[in-house]
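K.L.:
Quick one: sequence and predicted model below, then my questions.
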Amino acid sequence: MQICQLTTIDGNTLEGLNALLHDCVNNGASIGFIIPLSNDTTHHYWSQVSKALEDSLYLWIAKTEGQIVGSVQLNVCTKDNGRHRAELQKLMVLSSARQQGIGKQLLEAAEHYAKNLGLRLLVLDTEQGSTAELIYPRLGWEKAGVIPDYAITPNGRLHPTVYYFKRLPITNSDSESLQ
């Protein structure tokens with residue numbers, strides 16, 4: 001398996017990302033979409049992601065034998081008082097490729113990049129009780145709290161969302177630059 005950061009989304013990559021998004025949503029991932037998920041919706045979504053890659057969004061994919069099997073995004077805060085943090089978004093792993101450490105490797109790639117950017121704090125949210133929720137505490141993420149009825153599952157049910165955070169190691173130069 002190969003993890004790589006994308007700076008653009010070309011036609012072949014778009015196909016793989018569309019297939020990944022459809023697979024995840026159709027298998028219950030609460031990542032902002034409702035079933036039935038149209039190709040127009042996924043194309044529009046990835047077009048927006050592609051545009052954001054020019055600004056403060058970073059995207060990694062996991063590939064096995066040429067097929068995209070996972071992805072994750074890091075959205076860096078652009079507010080003056082939040083330039084030390086970012087949100088991890090849309091961790092997706094193809095349903096047939098789960099339980100192989102792909103999600104962990106994608107998270108590690110995004111965290112490593114965030115550290116290199118000098119970020120000190122990462123946040124994310126996920127559906128309470130989902131299988132996705134199990135991965136974060138094992139990788140050092142701390143639960144911040146739960147918001148009831150925060151989002152709607154792909155099949156139309158309200159569910160609570162759990163927020164997590166992870167502090168990244170601070171270097172001496174980082175602490176000096178924030179004073």
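P.N.:
Structure received.
K.L.:
Could you list the single helix or strand in this protein with the lowest mean pLDDT?
P.N.:
The element with the least model confidence among the helices and strands of the chain, by mean pLDDT, DSSP states H and E, is helix 172-177, at a mean of 51.
K.L.:
Now do the SS call for the residue nearest to residue 144 when sequence neighbours are not counted.
P.N.:
The spatial neighbour of residue 144 that comes closest, neighbours along the chain excluded (C-beta to C-beta, 6 or more residues apart in numbering), is residue 163 at 4.3 Å. Glycine gets a C-beta too; all of them are placed from N, C-alpha and C. Following DSSP: H, G, I helix; E, B strand; the rest coil, the label given to residue 163 is strand.
K.L.:
burial measure for residue 163, as a count.
P.N.:
With neighbours defined by other C-beta atoms under 10 Å, the count for residue 163 comes to 16.
K.L.:
So what's the model's average confidence on stretch 12-21?
P.N.:
Mean pLDDT, computed over stretch 12-21, is 96.
K.L.:
Would you pull up how far it lies from the middle of the chain?
P.N.:
How far stretch 12-21 lies from its chain's middle: 15 Å, per C-alpha atoms, centre = their mean, to the nearest Å.
K.L.:
before we move on, what about stretch 91-105?
P.N.:
A distance of 12 Å separates the centroid of the chain from that of stretch 91-105, by C-alpha atoms, centre = their mean.
K.L.:
Then stretch 137-155?
P.N.:
From the chain centre to the centre of stretch 137-155 is a distance of 13 Å (C-alpha atoms, centre = their mean).
K.L.:
Mind listing what's buried along that stretch?
P.N.:
Buried residues in stretch 137-155, defined by neighbour count with 16 or more other C-beta atoms under 10 Å: 141, 150-151, 153-154.
K.L.:
Send me that stretch as CSV with only the CA atoms.
P.N.:
This file holds the C-alpha atoms of stretch 137-155, laid out as CSV (Å, rounded to 0.1, in the frame of the first residue of the first chain):
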residue,chain,number,x,y,z
PRO,A,137,-8.5,6.9,21.3
ARG,A,138,-6.0,4.1,20.4
LEU,A,139,-4.0,6.6,18.4
GLY,A,140,-3.8,9.2,21.2
TRP,A,141,-6.9,11.3,20.5
GLU,A,142,-8.8,12.6,23.5
LYS,A,143,-12.5,12.9,23.7
ALA,A,144,-13.7,16.5,24.1
GLY,A,145,-17.4,15.8,24.3
VAL,A,146,-20.6,14.7,22.6
ILE,A,147,-23.3,16.8,20.9
PRO,A,148,-26.7,15.1,20.6
ASP,A,149,-28.6,15.0,17.3
TYR,A,150,-25.7,16.8,15.6
ALA,A,151,-25.9,15.2,12.1
ILE,A,152,-28.0,12.9,10.0
THR,A,153,-26.8,9.5,9.0
PRO,A,154,-26.8,8.5,5.3
ASN,A,155,-30.1,6.7,5.9
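K.L.:
Kind regards, and thank you for your time.
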